[in-house]
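In: What follows is a predicted protein model with its sequence.
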Amino acid sequence: AAVYVVRCGDELRCAKVYKKLDHRSFRQNILHREGRKVRNSRKARAMEKRTRYGRGEEEKSWQTAEVDALYRLDAAGVRVPRPFHFADGVLLMELVVGIDGEVAPRLNDVRLTGDTARSYFKTLIRAVQRMLCAGLIHGDLSEYNVLVDSDGPVIIDLPQVVNAASNNNAKSMLLRDVRNVKLYFGRFAPELCSTKYGEEMWHIYETGQLHPETRLTGRYQPPKKKADLESVMEEIDLAREDLDARQREELEDVVKQELRRLRQTGPQSRGRTAKTPPSKRRKKRSRRRGRRVA
């Protein structure tokens, strides 16, 4: 998308103009789009078949996904640009301003100390936690999708936002988001690289006990469970039975096809004299020649 600074009355705001689908460079949209509901069945079929109309509707769904996410996260207390209006592929939202009054820089353009890195890291982890409590995962979080204003990090770029409850890739995307942030801030505070906030956060979320104010430690030990051998053996037996049943069905199909072929060719072969095999014909010829010589 192209981003512009525009004036609305006495205020400066940000206008995000989305590019056409042909100019998009984000290639993993299928993974992120999983779980998004399309109520119109015609649109859903067109998007699935990747027709021209379907690609256009897919692009609209990406745009509206970001707009809906911004409203939802702003209400949940996550630091994102506040949206004001969206129409005809243009999103009007709050202009994030830096300490000097200019447009806020990206996180990767800011010089950090160890203490500042630790502070920003905690802020982003709390933001990711609040997002997850709101049922959303950024899906592409990194130092390039975070602005820094006078109060700290602000998360931006949300068209690929993921539904945490209905997307099968939600866990891996959450862990990747947290890992990206962890490795970046780990350059300035190496001890952050050994934390496991993503694993801890997802584990608490799966149990239904994650809240915006839940205190995370950054430590996580996977629960150790004894293998249920009986269940494993039952699964193996069921798989074997299924395999045997499929093999029997395939064999029955082969037999039926052979019988059908024999029925079709049977009447045509009736009344025909059986042909003598070539080997027997050679033997008969040799015998005749022997008699003539005698």
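Out: The structure has been received and is ready for your questions.

In: Okay, now the unreliable bits of this structure?
Out: By pLDDT under 70, the low-scoring segments of the chain are 20-62, 226-227, 266-294.

In: For residue 104, see how far away residue 12 is.
Out: 12 Å (Cβ to Cβ, to the nearest Å). Heads up, the C-betas are built off the backbone N, CA and C, glycines and all.

In: neighbour count winner among these two?
Out: Shown here are residue 12 and residue 104; by other Cβ atoms under 10 Å, residue 104 has more neighbours (22 against 13).

In: From what I see, that one and residue 147 are in contact.
Out: Yes - at 4.2 Å, residue 104 counts as touching residue 147 under the criterion of Cβ atoms under 8 Å.

In: Residues that sit against both of those two, list them.
Out: 96, 154 (Cβ atoms under 8 Å, 6 or more residues apart in numbering).

In: Need the contact partners of stretch 184-203.
Out: Against stretch 184-203 from outside (Cβ under 8 Å, 6+ apart): 107-108, 112-114, 116-118, 120-121, 125, 128-129, 132, 142-143, 171, 174-175, 177-179, 182-183, 210, 216-220, 222.

In: and the top helix by length along the chain, how far out from the chain's middle?
Out: Across the chain, the longest stretch assigned as helix under DSSP state H is helix 229-269. When distances are taken as Cα atoms, centre = their mean, to the nearest Å, helix 229-269 is centred 37 Å away from the chain's centroid.

In: Repeat that for stretch 85-94.
Out: With Cα atoms, centre = their mean as the basis, the mean position of stretch 85-94 lies at 26 Å from the chain mean.

In: Please apply the same query to stretch 173-185.
Out: 16 Å.

In: buried set for that stretch?
Out: If you call a residue buried by 16 or more other Cβ atoms under 10 Å, then stretch 173-185 has these buried ones: 173, 174, 175, 176, 177, 178, 179, 180, 181, 182, 184, 185.

In: The first one contacts residue 136, doesn't it?
Out: Which is residue 173. No - assessed by Cβ under 8 Å, residue 173 is found out of contact with residue 136, at 10.7 Å.

In: okay, and the common contacts of these two?
Out: With Cβ under 8 Å, 6+ apart, residue 173 and residue 136 have common neighbours residue 162.

In: With secondary structure and distance to residue 85 as extra columns, can I get the buried residues of stretch 173-185 in TSV?
Out: TSV is the format used below for the buried residues of stretch 173-185 (DSSP: H, G, I helix; E, B strand; the rest coil; distance: Cβ to Cβ, whole Å):
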residue	secondary structure	distance to residue 85
173	helix	29
174	helix	30
175	helix	35
176	helix	32
177	helix	28
178	helix	32
179	helix	35
180	helix	31
181	helix	30
182	helix	36
184	helix	33
185	helix	34
